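S.K.: Turn this into a model:
(chains A and B)
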Amino acid sequence: MRDAYIVGAGQSNYGAFPDESYRSLFATAFEEALGSADGVGATDIDEAVVGSLGVGGRQLGLSGPAVTEHVGLHGVPCSRIENACAASGYAVRQAVQAVKSGMADVALAGGYEVMTDMSGDVAKYWLGVSGETEWERLTGTTFAGVYAQMASAYLDAYDASPDHFSKVAVKNHANGAKNPKAHLGFECSLDDARSAPVVADPLNLYHCCPTSDGAAAVLVASEDVASTCDDAVRVAGVGAASERVGLFQRDSYTAVESSERAAGAAYEMAGLDPDDVDFAEVHDCFAIAELLAYEDLGFCERGHAPELVDSGATELGGDLPVNPSGGLKSKGHPIGATGAGQVVEAFKQLTGRAGDRQVAGASVGLTHNVGGSGGAAVVHVLERGAL
Amino acid sequence: MSADGPARATLGIAGVGAYVPRFYLPASAYREAWDKGGAPGVDRVAVADADEDTLTMATEAGRRALAAAGVDAGDIDHLALATTTPPNDEEESAVRLASLLGVGPSVPTRQFGGSTRAGAVALAATVGETATVGPRLVVVADGPRGAPESDEAAGAGAGAAALVLAEDGPLVVDAVGEFGDPAPGTRFRGFGSAETESIGVTQYERDAYTRAVVGAVEALGIDTAELDPDAVALTAPDGKLPYRAANALDVEPARIAAGTVVSRTGDAGAAGPVLGLASALDSAGDAGADESDGRSPATSVLLVGYGGGAGATALTLSTEATDTNAAASSVVPVEAALDGDVELSYAEALRRRGTITGGEPAGGGAYVSVPTWKRTIPQRHRLVAGECAECGALSFPPEGACPDCGSLAGYDDVTLPGTGTVEAATAIGQGGAPPEFVEQQQRAGSFPVAVVAFDGPGGETDDRTVSAPAQVVHSPAGTPAISDRVEAVPRRIYEQEGVVRYGFKVVPTEARRE
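M.R.: All right, here's what the predicted structure looks like:
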């Protein structure tokens, strides 16, 4: 199969935007993606794959064609993927498949979500739909609750403390403060992060990401097309895997097997290993998720994520910066946009466009996008200028 | 009427169970809140938790009675439920109780209600049932309510008691007496209302009570002096009325005390006299009777159910003195949790009861339909898991590919004993619950949720476990610790579309009352 390249990527601001619709947010992301791609125009796009959970319930069917028609991609086939918070990570993967298979020369992948224009009660319904519904959710468990259960098992199994969760929050806020598109783009102190109100013991407010409005778009192109572009990032490896949706159905509560499998497949396709990765955008919907990701992605051995946090290696300027964008915690988490948004950050980092948060000399980046509490995971390994 | 006949010699009470919610409101808190006296002779009233109702209490009492008698639910041949406060005015509550207990679908279920006499009537009717061969179960559960400012609300308690009747059960019903005489306005609840009331004409109501109770006892055709029961268990709307009847019945107040628990539980409606019976029979003598000063378990009891309006049913019960092995057989096994151990403030009690809380918020997603819920009832009610036909691993709920070997060969039903170990746990903070649980949180606050590794069918020594999520009730430490032992208890999970969804939660073993 032929190679696929990211030739353009853009996103809207993430945040709370009562004046924006999911279509207008997507249009902003699409415009930025087109603007970032030299030599590729809207008329070159022959396939579109987008991700969303349900746009707050207001457009359950056909929201994909709704956004592509809105941005003028008239007639272009569009599929919408629903894989909870991993929706648009999978959309990128589908676009890559379309290009690699030869069915498309330029494919648009993206995602969008509007989550802040509804009452807290209605939002809770929507946040509750991505776990195992009949048993897990109907014990009264929220998402924060499921990740808190994983955190409880992790704290019990390893030498870790809630302070490690707080340190992750401090790091991601420090990065997000350098990202003009971040939802919560401010720094926080360790004391702030330690003393926030409890959401689901042992997780407090600073250990949980916000819910956001936002959209992201990525242009995936064949080698022939990419060779006409100034900047192109090679999709060196893609991996994805599913897992039992309910935590209680799994073999482990301290590892996300789907992430581990997805990463293994992506590394294998890329012919690279974790040591080759210069930075990573990982799915830190809750601080414990970032610690688990370090281990699932092979950045450290099982149980050693707290040491990695303590070492400072994953800070901007460390050996392996994680979530230079601010991650879900600070940049924000518009569910359907998150996975594509990670690829947007990787594209910016690998093409030297990341501004104050630029990882110096980054040539290999990894994105890691998780649906629910691990029911779906997708990993991309991206390589700079390998044309 | 008399229960004389072939059944008399063989059918007797073989096990007694009782369950009173562990929350209680002291009379002093009521007095402080209302600046008035409260219910006479009531020291405290039991308050059901936000996720308890007559059916969950009935299940708790029923399971205890079955355990006390050493009878399997699957062997029960007749089930009677008595309550004045079923979850719905119209619906087969007894059928749901049968499912929660594991009583078979072809077993006759009978439901009694309409007045607080219902518990005694259910017992009399079950004893008189001639078509039944095997053991019978009578469960009485009640949680009366009144308007917040009323005397009825001041005394309103809650509780459930259950009796297993079986061949050679030691405590035999000797005779049944009935009495009815119209006395409108004495205790009633209007159609569609949740609040019991009365017209408040004190002497008229006392007379109606005494006349009906004495009338039913006289109808037994036995001289009360000759009867000389160790304990007298009467319907007790408050702590004074039973003692007023004592004079008319010519029994000592101590005998009333031995069969009355109202001072500890509040008005438990139809369950009151059966709770009194449980207390009188409790061999440890510590089951919460008003006076439990080291007395022996009663060997003869006069039980009278009274219903406003007014009517009464009296039963005399005694152990068979003629049995050659009387000493061994005269003790009726009792499993009773009669004493509350968690005190509430008045505001907390109003919250638990839902008096001052709102309903389910508006919303939409992740709706679980009633038919979907219904398909999981064996798991929700009785922890029915699956044993993989291929590899023998357990699966819960038993559906889809085997989690161990991936086989689609299907599952054989196995029932889990309900004990297990916490594998992961959290507590959902106030305001953070999914919409279905918002009202519960308004009523009862933050709740812990755990993933529990339930023991296999062989119990704690079974090598196999199977995991399921469950809310945790009465967790002293808040969030339970990993490795804590827990046990399943029946609870309301949530209510939607007017339909209560019953299922299991877990209680830490160390916090469970026996």
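S.K.: going forward, measure contacts between C-alpha atoms and count neighbours the same way
M.R.: Will do.
S.K.: How about the residues of chain A by chain B?
M.R.: Taking Cα under 8 Å from any Cα of the partner chain, the part of chain A that reaches chain B is made up of A:57, A:121-122, A:124-126, A:128-129, A:133-142, A:145-146, A:148-150, A:152-153, A:156, A:198-202, A:248-249, A:253.
S.K.: please redo it, this time with the cut-off set to 7 Å
M.R.: With Cα under 7 Å from any Cα of the partner chain as the criterion, chain A comes near chain B at residues A:121-122, A:124-126, A:128-129, A:133-136, A:139-142, A:145, A:148-150, A:152-153, A:198-202, A:248-249.
S.K.: Can you list which of those residues are found in strands?
M.R.: Counting by DSSP state E, the members of those that fall within strands are A:198-200.
S.K.: And these, which is closest to residue B:427?
M.R.: Nearest to residue B:427 among these, counting by Cα to Cα, is residue A:200 at 5.2 Å.
S.K.: How many residues are close by residue A:42?
M.R.: Applying the criterion other Cα atoms under 10 Å in any protein chain shown, we find 15 residues in the vicinity of residue A:42.
S.K.: Which residues are in contact with it?
M.R.: In this structure, residue A:42 makes contact with no residue, judged by Cα atoms under 7 Å, 6 or more residues apart in numbering or on different chains.
S.K.: how close does it sit to chain B?
M.R.: Using Cα to the nearest Cα, to the nearest Å, residue A:42 is found at 35 Å from chain B.
S.K.: So residue B:148: helix, strand or coil?
M.R.: Recorded secondary structure, residue B:148: coil (DSSP: H, G, I helix; E, B strand; the rest coil).
S.K.: Tell me the bridge partners for the most centrally placed residue in chain B.
M.R.: Nearest to the geometric centre of chain B sits residue B:160, at 2.4 Å (Cα atoms, centre = their mean). Per DSSP bridges, residues listed as beta-bridge partners of residue B:160: residue B:19, residue B:141.
S.K.: Wait, it touches residue B:58, no?
M.R.: Yes - taking Cα atoms under 7 Å as the contact criterion, residue B:160 and residue B:58 are neighbours in contact, 5.5 Å apart.
S.K.: between these two, what contacts are shared?
M.R.: B:140-141.
S.K.: Where neighbours are concerned, which of the ones in strands among the residues of chain A next to chain B has the most?
M.R.: With neighbours taken as other Cα under 10 Å, the top of those is residue A:200, carrying 32 neighbours.
S.K.: In this model residue A:143 seems to touch it, though I could be wrong.
M.R.: No - with contact defined as Cα under 7 Å, residue A:200 does not count as touching residue A:143 (9.3 Å).
S.K.: Could you list the paired strands of the longest strand seen in chain B along with their orientation?
M.R.: Longest strand in chain B, counting residues (DSSP E): strand B:485-496. Sheet pairing of strand B:485-496 (DSSP bridges) gives strand B:419-428 (antiparallel), strand B:499-508 (antiparallel).
S.K.: Output these in TSV, with distance to residue A:69 appended to each entry.
M.R.: Formatted as TSV, the entries for the strands paired with strand B:485-496 read as follows, by distance: least, Cα to Cα, whole Å:
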stretch	distance to residue A:69
strand B:419-428	42
strand B:499-508	44
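S.K.: Report the secondary structure state of residue B:481.
M.R.: Counting by three-state DSSP, the backbone at residue B:481 sits in coil.
S.K.: Please tell me how far it sits from residue A:155.
M.R.: 11 Å (Cα to Cα, to the nearest Å).
S.K.: Equivalent analysis for residue B:61, please.
M.R.: In this view, residue B:61 and residue A:155 are 39 Å apart by Cα to Cα.
S.K.: and the two? which has more neighbours close in?
M.R.: When neighbours are counted by other Cα under 10 Å, residue B:61 and residue A:155 differ, and residue B:61 comes out ahead with 28 against 18.
S.K.: Let me know the secondary structure of the more buried one.
M.R.: Using three-state DSSP as the criterion, the local structure at residue B:61 reads helix.
S.K.: give the contact list for it.
M.R.: The contact partners of residue B:61, by Cα under 7 Å, 6+ apart, come to B:17-19, B:160-162.
S.K.: Need these in TSV (columns: distance to residue A:277 and pLDDT).
M.R.: Converted to TSV, the contacts of residue B:61 look like this (distance: Cα to Cα, whole Å; pLDDT from 0 to 100):
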residue	distance to residue A:277	pLDDT
B:17	65	98
B:18	64	98
B:19	61	98
B:160	64	98
B:161	66	98
B:162	67	98
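S.K.: No further questions, thank you.
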